[in-house]
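**Student:** have a look at this fold, sequence not included:
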């Protein structure tokens with residue numbers, strides 16, 4: 001079965017609609033999805049940016065929020081601006097997602113975190129929010145949080161972020177199919193087509 005790597009950041013606005021639609025679209029094409037959470041902060045820092053380009057370039061930020069409104073409306077997804085400064089801190093959520101990858105619940109967790117961030121106006125950096133998500137999807141929150149705090153998981157996230165940079169990833173969502181890179185929610189269809197036909 002062909003495979004597509006889905007690289008996403010929990011703070012990334014355009015990763016939200018992608019996370020909500022990629023699984024069904026890939027399944028329809030007979031394609032397996034590998035969910036790859038990573039952090040954009042270190043990549044942006046390497047560019048000399050200390051913030052999201054949507055904050056650095058105000059016009060780009062205004063366009064992005066309006067564009068996201070249109071996309072979510074077309075996809076039937078709720079959208080409410082995050083209650084805290086954008087972008088939110090997705091570090092703990094990304095570590096938990098890596099635990100979920102090993103244990104088989106990364107997809108449900110990822111979608112729930114994006115929903116909390118962009119539809120429910122919750123602060124996804126807060127432990128109580130993450131614990132509630134874990135409980136909601138039927139998990140032992142204490143055990144998952146403890147596992148996510150282990151040095152091996154922290155190192156795995158650093159390594160995954162480093163791998164994203166080596167692969168030339170500069171934003172999220174991104175998709176890799178073998179050596180091919182596709183960037184943006186609007187390139188999902190092209191990435192899936194490439195995975196299916198090469």
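**Tutor:** Structure's in. What do you need? Since this is a predicted model, take the numbers as computed values, not measurements.
**Student:** give the buried residues for the top helix by length along the chain.
**Tutor:** Of all segments of type helix in the chain, defined using DSSP state H, the longest is helix 58-75. Of all the residues in helix 58-75, those buried under the rule 16 or more other Cβ atoms under 10 Å are 61, 64, 68, 71-72. Any C-beta I mention is one placed from the backbone N, CA and C, and that applies to glycine too.
**Student:** farthest pair in the residues you listed?
**Tutor:** Within the buried residues of helix 58-75, 61 and 72 form the most distant pair, 16.5 Å apart (Cβ to Cβ).
**Student:** which other residues reach the longest helix of the chain?
**Tutor:** Identification of contacts with helix 58-75 by Cβ atoms under 8 Å, 6 or more residues apart in numbering yields 13-14, 16-17, 20-21, 52-55, 77-79, 81, 118, 185.
**Student:** centre of the chain to it, how far?
**Tutor:** In terms of Cα atoms, centre = their mean, to the nearest Å, the centre of helix 58-75 is set 17 Å apart from its chain centre.
**Student:** which strands and helices sit next to the helix or strand that it is followed by?
**Tutor:** Downstream of helix 58-75, the next assigned helix or strand under DSSP states H and E is helix 91-103. Of the remaining helices and strands, those touching helix 91-103 by 3 or more Cβ pairs under 8 Å, 6 or more residues apart in numbering; DSSP states H and E are strand 32-37, helix 106-118, helix 127-136, helix 141-148, helix 151-166.
**Student:** next one: stretch 100-110 to chain centre, how far?
**Tutor:** For stretch 100-110, the gap between its own C-alpha mean and the chain's C-alpha mean amounts to 12 Å (Cα atoms, centre = their mean).
**Student:** ok, residues contacting it?
**Tutor:** Contacts made with stretch 100-110 from outside it, assessed by Cβ under 8 Å, 6+ apart, are listed as 8, 10, 19, 23, 35, 37, 96-98, 133-134, 137, 139, 144.
**Student:** let's see 10 Å
**Tutor:** Applying Cβ atoms under 10 Å, 6 or more residues apart in numbering, the set of residues contacting stretch 100-110 from outside is 6, 8, 10, 15, 19-20, 22-23, 33-37, 93-94, 96-99, 112, 130, 133-134, 136-139, 144, 147-148, 153, 156, 160.
**Student:** filter those down to the buried ones and express that as a PyMOL selection.
**Tutor:** Buried residues within these, as defined by 16+ other Cβ under 10 Å, are selected in PyMOL through the command that follows:
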select buried, resi 6+8+10+15+19+20+22+23+33+35+36+37+93+94+96+97+98+99+112+130+133+134+137+139+144+147+148+153+156+160
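**Student:** all good on my end, thank you.
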